[in-house]
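Asker: From the sequence below, what's the structure:
(chains A and B)
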Amino acid sequence: MKTLAELMAIKEATVQKMTVREDTGDDAIRVVVGMATCGIAAGARPVLNAFVDEVAKRNLKGVTVSQTGCIGMCQYEPIVEVIQPGKDKVTYVKMTADKVAKVVNDHIVNGNPVVEYTVK
Amino acid sequence: MYRSHVLVCGGTGCTSSNSQAIIETLEAQIAEKGLSEEIKVIRTGCFGLCALGPIMIVYPEGSFYSQVKVEDIPEIVEEHLLKGRIVTRLLYDETVTPDEIKSLNDTKFYAKQERVALRNCGVIDPENIDEYIAYDGYQALAKCLTEYTPEQVIQIVKDSGLRGRGGGGFPTGLKWSFTAANAADQKYVVCNADEGDPGAFMDRSVLEGDPHCIIEAMAICGYATGATEGYVYVRAEYPIAVARLQIAIDQAKEYGLLGKNIFDSGFDFDLHIRLGAGAFVCGEETALMTSIEGNRGEPRPRPPYPAVKGLFGKPTTENNVETFANIPQIILKGADWFASMGTEKSKGTKVFALGGKINNTGLVEVPMGTTLREVIDEIGGGIPNGKKFKAAQTGGPSGGCIPASLMDTPIDYDNLTAIGCMMGSGGLIVMDEDNCMVDIAKFFLDFTVDESCGKCTPCRVGTKRLREMLEKITDGKATLEDLDKLEELCYYIKENSLCGLGQTAPNPVLATLKFFREEYIAHIVDKTCPAGVCKKLVKYEIVADACKGCTLCSRKCPVGAISGTVKNPHTIDTNKCIKCGVCIDSCKFGAIIKK
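Answerer: Predicted structure coming up:
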């Protein structure tokens, strides 16, 4: 180790891998993926992982991705809810891994829910 | 990228309650469910709440599971990790309220704590240098080497007010400046991790949970004092600490954070581990250095002090693990930040190992000046089974005790010395009404008699005589004259012993005499042990009115000392009774009492 810059580079890279352990507090945007049997059967796992990867790739702070049980509309699974403090909950249905990037970009980053993916 | 991190405590406490098997089962189950790419299992250091181990935290939810068993793992994997349903029955009670699940930091155990020395314990993976770096690791070393002169570093440590955490309380910055002032071709830094007090595990937990911070601090100390080599003297009974420290040293060498020309500053520093065989005297700095040199661990007279003539005859700085653990934070956050915590003459925080008759056995770190009442009642969760607090033993065999009447004393170096006690290294053993203070004093004397190295007579012979006198008291054979002799011998040993072991060995006797003299008198004059501990002074009796004559006790008694017929009150033959207590435990009517 010869410079502080080298040390800080390692720090940055590792911090990014550890964001999941951060205490994001009450203002965090929560992305919740329905992972009951119905969700898993409909393909929720790849959706969940796509969210985790996308959030990491963009190095977004204050966003947690977690799972939940059955939301109750099994025919619309995989269901994803985006919960932002002070705003209405947005529910996306029949999600796929391909749709994730758009939700992250339009909704989480820019604040415009992707209406076409929500429940009709 | 892992979507979830599962942190499992791998400290000695949780390891002995099977956390290793939990980690293995967890990894196997995760693999079986095909989640290995999504969930990462990390073995950390001590979380502090050892009483409720093994402990597990699942992120991002931050769910705090306590007393996890191997059988619980399939449920945690299936429900929580796969389906995202938190297994509430396994959550730490304090975090669960009818309406919500509280954050760990809001629980009583953690709310009053201030974690400086323990900041990374239970937070990072101690075997991964990158995680330490992510939590600002090695930045303090970089700052010292690139921005400060050695004199500036010493000044910061002086200004912080940090004092030695091993028990002595000597100002750390001053100690460093002594070594720095002595010119020599070779100087050394020594870390004292020979934690030998019964009931103390602060240093072990830091080494297990955050070994890199000790490496970083020792390198900083080396730079400040002009030393290029360091030794960590750690007892062989701490295998997990030794293994993690070795891994950490290897990683630091690989990254060039130990070795030649660190941060291109021209500063070289190398670190070695020396294992101690578990002799208590080797916690004394001169005996420790004699042991590192390869000789029998015996103290040598001071002066010359280690700062002049220490390890291998060279100027040496020796500090305790916890003292070092504070250094990187002091450098990064500044002396003022550190000095803002604590009391006028005792700055910062202190780690205590809570043990004995207390609900939350474990490791706590509080600002200096916190009262014993706060530590025991609030953080420690009080005394089990509704018993009354009697005293807390601090500083182990070298320390004293704090009685209930002084529970509101703010804990710092000077207050404890003023009441005839000492801070010690941080072992805090809580005693309730069932503990006999004479017996406690005898217990610690047993320890010092065993651990005296034998080099000087006052300690070798004196402690043995002292122990014999205590035994005479607990046997009910002593006179009041013996009590005076006991006290006199205590002062003689204190004044004439060569090293700290002998000089402090009579402290448990003196402290209990000071606060619990009436218990000594009861043993001597009334020939009774008020707490009912000292076997020779205790008599077992059956209360005839309460006895139903069920015969259970007479069947259980191993020596046939209880006689009587069915449905008639029984009696105990005190000549035959060996006072084992089996009858009391077996009696369903509470008819048997100790007198």
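Asker: Name the residue of chain B that lies nearest to chain A.
Answerer: Across chain B, the shortest distance to chain A (C-beta to the nearest C-beta) belongs to B:Gly84, at 2.7 Å. In short, each C-beta sits where N, CA and C put it, glycine included.
Asker: Now do the helices for chain A: every range, in order, please.
Answerer: With helices called from DSSP state H, chain A shows them at A:4-17, A:37-42, A:44-57, A:97-102.
Asker: Could you do the stretch 251-400 of chain B as well?
Answerer: B:285-292, B:321-333, B:335-339, B:372-373 (DSSP state H, counting those that start in this stretch).
Asker: Dump the ones you listed to CSV, plus mean pLDDT, mean neighbour count and distance to B:Met202.
Answerer: Converted to CSV, those look like this (pLDDT from 0 to 100; neighbours: other C-beta atoms under 10 Å in any protein chain shown; distance: least, C-beta to C-beta, whole Å):
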stretch, mean pLDDT, mean neighbour count, distance to B:Met202
helix B:285-292, 96, 24, 17
helix B:321-333, 97, 25, 6
helix B:335-339, 97, 17, 18
helix B:372-373, 94, 20, 17
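Asker: So which bits of chain A are right by chain B?
Answerer: Residues of chain A lying near chain B by C-beta under 8 Å from any C-beta of the partner chain: A:1-4, A:7, A:10-11, A:13-15, A:17-18, A:20-21, A:23-24, A:32-33, A:35-37, A:40, A:48-49, A:52-53, A:56, A:64-69.
Asker: Please list all residues in contact with B:Gln329.
Answerer: By C-beta atoms under 8 Å, 6 or more residues apart in numbering or on different chains, B:Gln329 lies in contact with B:116, B:119, B:140, B:338.
Asker: out of those, who's nearest B:Asp432?
Answerer: Set against B:Asp432, the nearest of the contacts of B:Gln329 by C-beta to C-beta is B:Val116 (30.7 Å).
Asker: circling back: just say which of the helices of chain A is most tucked in.
Answerer: A comparison of the helices of chain A by mean neighbour count, using mean count of other C-beta atoms under 10 Å in any protein chain shown, puts helix A:44-57 on top with a mean of 21.
Asker: and the nearest residue to A:Met35 once chain neighbours are set aside, how many residues sit next to it?
Answerer: Among residues not flanking A:Met35 along the chain, A:Gln67 sits closest, at 3.8 Å (C-beta to C-beta, 6 or more residues apart in numbering or on different chains). As a burial measure, A:Gln67 scores 24 neighbours (other C-beta atoms under 10 Å in any protein chain shown).
Asker: Next up, the contacts around A:Gln67.
Answerer: Applying C-beta under 8 Å, 6+ apart, we find A:Gln67 in contact with A:32-35, A:44, A:48, B:82-84.
Asker: Tell me which two in those residues are the farthest apart.
Answerer: Farthest-apart pair in the contacts of A:Gln67 is A:Val32 and B:Leu82; separation 14.7 Å (C-beta to C-beta).
Asker: rewinding a little: so how far is B:Lys143 from the residue of chain B closest to chain A?
Answerer: 42 Å (C-beta to C-beta, to the nearest Å).
Asker: Of these two, which one has the most company?
Answerer: Neighbour comparison, B:Gly84 and B:Lys143: the larger count goes to B:Gly84, with 21 against 17 (by other C-beta under 10 Å).
Asker: A helix includes that one, no?
Answerer: No: applying DSSP: H, G, I helix; E, B strand; the rest coil, one finds B:Gly84 to be coil, outside a helix.
Asker: Is the nearest residue to it once chain neighbours are set aside bridged to anything, and to what?
Answerer: Ranked by C-beta to C-beta, 6+ apart and with sequence neighbours excluded, the top spatial neighbour of B:Gly84 is A:Gln67, at 2.7 Å. Taking DSSP bridges as the rule, A:Gln67 bridges to A:Val33.
Asker: what's the nearest residue to the residue nearest to the spatial centre of chain B if we skip its chain neighbours?
Answerer: Note on chain B: the residue nearest the mean C-alpha position is B:Ala200, at 2.3 Å, using C-alpha atoms, centre = their mean. Nearest non-adjacent residue to B:Ala200, counting by C-beta to C-beta, 6+ apart: B:Gly427, 3.5 Å away.
Asker: count of residues packed around that neighbour?
Answerer: 26.
Asker: before we move on, back to that, could the helices of the stretch 251-400 of chain B be laid out in JSON lines, adding distance to B:Ala544?
Answerer: Converted to JSON lines, those look like this (distance: least, C-beta to C-beta, whole Å):
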{"stretch": "helix B:285-292", "distance to B:Ala544": "59"}
{"stretch": "helix B:321-333", "distance to B:Ala544": "57"}
{"stretch": "helix B:335-339", "distance to B:Ala544": "65"}
{"stretch": "helix B:372-373", "distance to B:Ala544": "43"}
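Asker: Could you list the low-confidence segments of chain A?
Answerer: A:24-26 (pLDDT under 70).
Asker: and the residue of it nearest chain B?
Answerer: A:Gln67 (2.7 Å).
Asker: ok, now which ones touch A:Lys87?
Answerer: Per C-beta under 8 Å, 6+ apart, neighbours of A:Lys87: none.
Asker: Look up the closest residue to B:Gly122, ignoring the ones flanking it.
Answerer: For B:Gly122, ignoring the flanking residues on the chain, the nearest one in space by C-beta to C-beta, 6+ apart is B:Phe47 at 3.7 Å.
Asker: So what's the residue count around the one you found?
Answerer: B:Phe47 has 31 nearby residues by other C-beta under 10 Å.
Asker: I believe it is in a helix; please confirm or correct that.
Answerer: No: B:Phe47 is assigned coil when assessed by three-state DSSP, not a helix.
Asker: quick one, phi/psi of it?
Answerer: Here is the backbone geometry of B:Phe47 (degrees, to the nearest 10): phi -80, psi -20.
Asker: Same check on B:Asn435?
Answerer: Torsion angles, degrees, to the nearest 10, at B:Asn435: phi -90, psi 130.
Asker: cool, and B:Asp125?
Answerer: Dihedral angles of B:Asp125 (phi, psi; degrees, to the nearest 10) stand at phi -80, psi 110.
Asker: measure it to B:Val6 for me?
Answerer: For B:Asp125 relative to B:Val6 (C-beta to C-beta), the value is 12 Å.
Asker: So if I had to pick from the two, which one is more boxed in?
Answerer: Shown here are B:Asp125 and B:Val6; by other C-beta under 10 Å, B:Val6 has more neighbours (24 against 21).
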